[in-house]
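Enquirer: Fold the following.
(one chain, ligands or ions: 1)
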Amino acid sequence: MTQHQTSNTHYDAVVVGAGFAGLYMLHRLRLQGLRAHLFEAGDGVGGTWYWNCYPGARCDVDSMQYSYSWSPQLQQEWQWTERYPAQEEILRYINHVADRFDLRRDITLSTRIVGGQWQAAQQRWRVRTEHGQEVSTQFLITATGCLSESRLPAIEGLEDFKGRIHHTGRWPKTPVDFTGLRVGVMGTGASGIQAIPQLAKQAKQLYVFQRTPNFSVPAWNGPIDPAHQQDWLQHYPEYRAKARSTRSAIMYDYGTQSALEMTPQERLEEMERRWRKGGTNFAHSFSDTFTNRQSNELLGDFVRDKIRQAVHDPEVAQKLLPHDHAIGTKRIGVDTGYYETYNLPHVKLIDLRKTPIERFDATAALTGGQRLELDAMVFATGFDAVTGALERLNIVGEHGRTFKQLWQAGPTSYLGLMTVGFPNLFTITGPGSPSILTNVIISIEQHVEWIADCLAFMQKQGHTRIDPQQAAQDRWVGHVQEVAAGTLFVTANSSYMGANIPGKPKVFLPYIGGFSTYVARCEEVVRKGYEGFDFSSPKAAERQPTASSPSA
Ligand code: N01
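Expert: The predicted structure is shown next:
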């Protein structure tokens, strides 16, 4: 909280979170002349890329695509150095954006929002910070991220363990040196798959505690190809538009044929070609990877063969073969030497399904009748995805309930943008929007622009309050689940399904109908006069609490 903020401080808009979403939102609000302020829990900007600074952290979207598209100048002036951007480089980029657009003067760092309440009399939100101060705001916009609420598993005795404990999603800002140490790492999702080869370079002994083997494809990362960079710089508007017209908002080479329409030789050549290119593009080898069990199985078999080839010890290879989920229904890892790491003599793979960790004591993990002495434990155990950070905000809506109380059976949201009972509260990349199934920066931009345009519309019309309609929200929630049910995604125990968090309802969290389809729906809603939303203005409110929106 800055010196100037007191409980009498009033904003037009408060934004929570200084990642890609929050920074762009703040910029847009200021451009529209609104008095806006952003609160951030960390002591720096960057959001996900601020916290996830574990060894090996890197984005699996091509550098030329994983950046803001809203400023052509910014797009032209930033020079990416590698095919896939490393965490440090992305964080440098975000800091550059904060400086270049002079955003810091409206950001308060090291200040978590820990509560808030809708004030019916004032028709405003009142939000409370961890330091006990309060501000009031007409609009509250959450930019808290889909992967920001990190989770440590509950394992008996962990609190007694005297070694270092780190979570990949809350990595310390000061360098952590594992040289000569006995290190345990739990979690073999996208983060673990990146961290494990790096940890193995330093540790004297590395124990990988694996619950579920995951699929991973090679990154073949390296310095950015200058010709590729030049091509993108010259064609940015065209390529961005192309990316937006796809289901992932990424310019991939999307397979157009079912695996079942191809001969075995054609399939093999196609998968080999994509494997040699590397990256998650591999998952799009076939048009029906995510909807046809047989096609998916063929792709999975190909990766299982690659694992057998990469790992020398057949018993270790066997343990690493993914067997319980269709490929791609949990985020595929994009790695540099992940499977090969298990050939190193000091790396040991422990299958937690066969030998769970019974407990920790001061110096060891006890598993399968053995004491594994450890100096450090790294948890790459993931996040309470999509809804976790929103629930933690502890914001009480008009009906007196928080998101956590309201979402006992799964999140309710209209378009992933607003929830009934939370007037004037927008959720960037909220549940039921494409978010983590896409190039999330592009999804963020679309939400930020939709919200900014909506606020401009309200200003123009003299509206002071917006609410989603119950029926529109119910329809959207039903549609999100219906579309997911037509895919293989709902068959996996993934964080997309909330299955990684004990007690979390098992429903599909993001919208899987495709980015371009989603955007078309959002645009149609606006064209139809913000269909499914109610607006009210002070004058109308005197007559009735909410009035339907006029046609735009
Ligand atoms: O988390 P995860 P993540 N005991 O939830 C295991 C993005 N991302 O941080 O599968 C033992 O995927 C868990 O096992 P299981 C990306 O969107 C992107 O890796 O639940 N193990 C799993 O192996 C991704 O989806 C990039 O059985 C436990 C692992 O921990 C998201 O972040 C890089 C356990 C968690 O995997 C999250 O990825 C990194 C327990 N109690 C991340 N609890 C790139 O762009 C959990 N696990 C490349």
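Enquirer: ok, the longest strand anywhere in the chain: who's next to it in the sheet?
Expert: Ranked by residue count, the top strand of the chain under DSSP state E comes out as strand 134-142. Paired neighbours of strand 134-142 in the sheet (DSSP bridges): strand 10-16 (parallel), strand 124-129 (antiparallel), strand 425-427 (parallel).
Enquirer: and of those strands, who's closest to the ligand?
Expert: strand 425-427 (18.1 Å; CB to the nearest ligand atom). From N, CA and C alone the C-beta is placed, and that goes for glycine too.
Enquirer: give the contact list for whichever residue of the stretch 51-200 of the chain sits closest to the ligand.
Expert: Nearest residue of the stretch 51-200 of the chain to the ligand: Gly189, at 2.2 Å (CB to the nearest ligand atom). Counting by CB atoms under 8 Å, 6 or more residues apart in numbering, Gly189 makes contact with Asn214, Lys330, Arg331, Gly333, Ala380, Gly382, Ser495.
Enquirer: Make JSON lines from those and add pLDDT, secondary structure and distance to the ligand to it.
Expert: JSON lines is the format used below for the contacts of Gly189 (pLDDT from 0 to 100; DSSP: H, G, I helix; E, B strand; the rest coil; distance: CB to the nearest ligand atom, whole Å):
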{"residue": "Asn214", "pLDDT": "97", "secondary structure": "coil", "distance to the ligand": "6"}
{"residue": "Lys330", "pLDDT": "95", "secondary structure": "coil", "distance to the ligand": "6"}
{"residue": "Arg331", "pLDDT": "94", "secondary structure": "coil", "distance to the ligand": "3"}
{"residue": "Gly333", "pLDDT": "97", "secondary structure": "strand", "distance to the ligand": "7"}
{"residue": "Ala380", "pLDDT": "98", "secondary structure": "coil", "distance to the ligand": "5"}
{"residue": "Gly382", "pLDDT": "97", "secondary structure": "coil", "distance to the ligand": "3"}
{"residue": "Ser495", "pLDDT": "94", "secondary structure": "helix", "distance to the ligand": "4"}
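Enquirer: Could you pick out the buried ones from these?
Expert: In the contacts of Gly189, burial by neighbour count holds for Asn214, Lys330, Arg331, Gly333, Ala380, Gly382, Ser495, counting by 16 or more other CB atoms under 10 Å.
Enquirer: List the single closest residue to the first one in space, sequence neighbours excluded.
Expert: When you say that, I think you mean Asn214. Thr188 (5.2 Å; CB to CB, 6 or more residues apart in numbering).
Enquirer: Surely the one you found touches Gln210?
Expert: Yes. Using CB atoms under 8 Å, Thr188 is in contact with Gln210, at 4.9 Å.
Enquirer: Please say which of these two ends up with more neighbours.
Expert: Counting neighbours by other CB atoms under 10 Å for Thr188 and for Gln210 shows that Thr188 has the greater number, 25 against 19.
Enquirer: and the stretch 301-450 of the chain, which residues reach the ligand?
Expert: Within the stretch 301-450 of the chain, the positions near the ligand by CB under 6 Å from any ligand atom are Arg331, Val334, Leu352, Ala380, Thr381, Gly382, Phe383, Ile436.
Enquirer: any chance of those in CSV, plus distance to Asn221?
Expert: Below are these laid out as CSV (distance: CB to CB, whole Å):
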residue, distance to Asn221
Arg331, 17
Val334, 8
Leu352, 29
Ala380, 19
Thr381, 25
Gly382, 23
Phe383, 24
Ile436, 21
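Enquirer: which pair in those spans the largest distance?
Expert: Farthest pair in those (CB to CB) is Leu352 and Ile436. Separation: 25.2 Å.
Enquirer: Comparing these two, which shows the higher neighbour count?
Expert: Counted by other CB under 10 Å, Leu352 and Ile436 do not tie: Ile436 has more neighbours, with 19 against 15.
Enquirer: where does that one land on pLDDT?
Expert: Per-residue confidence (pLDDT) for Ile436: 96.
Enquirer: Report how many residues lie close to the closest residue to it other than its chain neighbours.
Expert: Computed as CB to CB, 6+ apart, the closest residue to Ile436 that is not its neighbour in sequence is Cys146, at 4.8 Å. Using other CB under 10 Å, Cys146 is surrounded by 28 other residues.
Enquirer: From Trp450, how far off is Cys146?
Expert: 17 Å (CB to CB, to the nearest Å).
Enquirer: Pull up the per-residue confidence for the closest residue to Thr9 other than its chain neighbours.
Expert: Closest residue in space to Thr9, ignoring its immediate chain neighbours: Val135 at 4.5 Å, by CB to CB, 6+ apart. With respect to pLDDT, Val135 has a value of 97.
Enquirer: what's across from Val135 in the sheet?
Expert: With DSSP bridges as the rule, Val135 is bridged to Val127.
Enquirer: Tell me which residues touch it, please.
Expert: Gln5, Ser7, Thr9, His10, Tyr11, Val14, His37, Arg126, Val127, Thr129 are the contacts of Val135 under CB under 8 Å, 6+ apart.
Enquirer: Could I have the buried ones of these as PyMOL selection syntax?
Expert: The following PyMOL line selects those of the contacts of Val135 that are buried, judged by 16+ other CB under 10 Å:
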select buried, resi 5+9+11+14+37+126+127+129
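Enquirer: Farthest pair within the contacts of Val135?
Expert: His10 and Thr129 (15.2 Å).
Enquirer: buried stuff in stretch 287-307?
Expert: 287-290, 292, 295-296, 298-300, 302-304, 306-307.
Enquirer: just checking, which of those residues belong to helices?
Expert: With DSSP state H as the criterion, helices contain Ser295, Asn296, Leu298, Leu299, Gly300, Phe302, Val303, Arg304, Lys306, Ile307 from among these.
Enquirer: before we move on, back to that, doesn't Pro434 make contact with the residue nearest to Ile436?
Expert: No. Here Cys146 does not reach Pro434: they are 10.6 Å apart, not a contact under CB under 8 Å.
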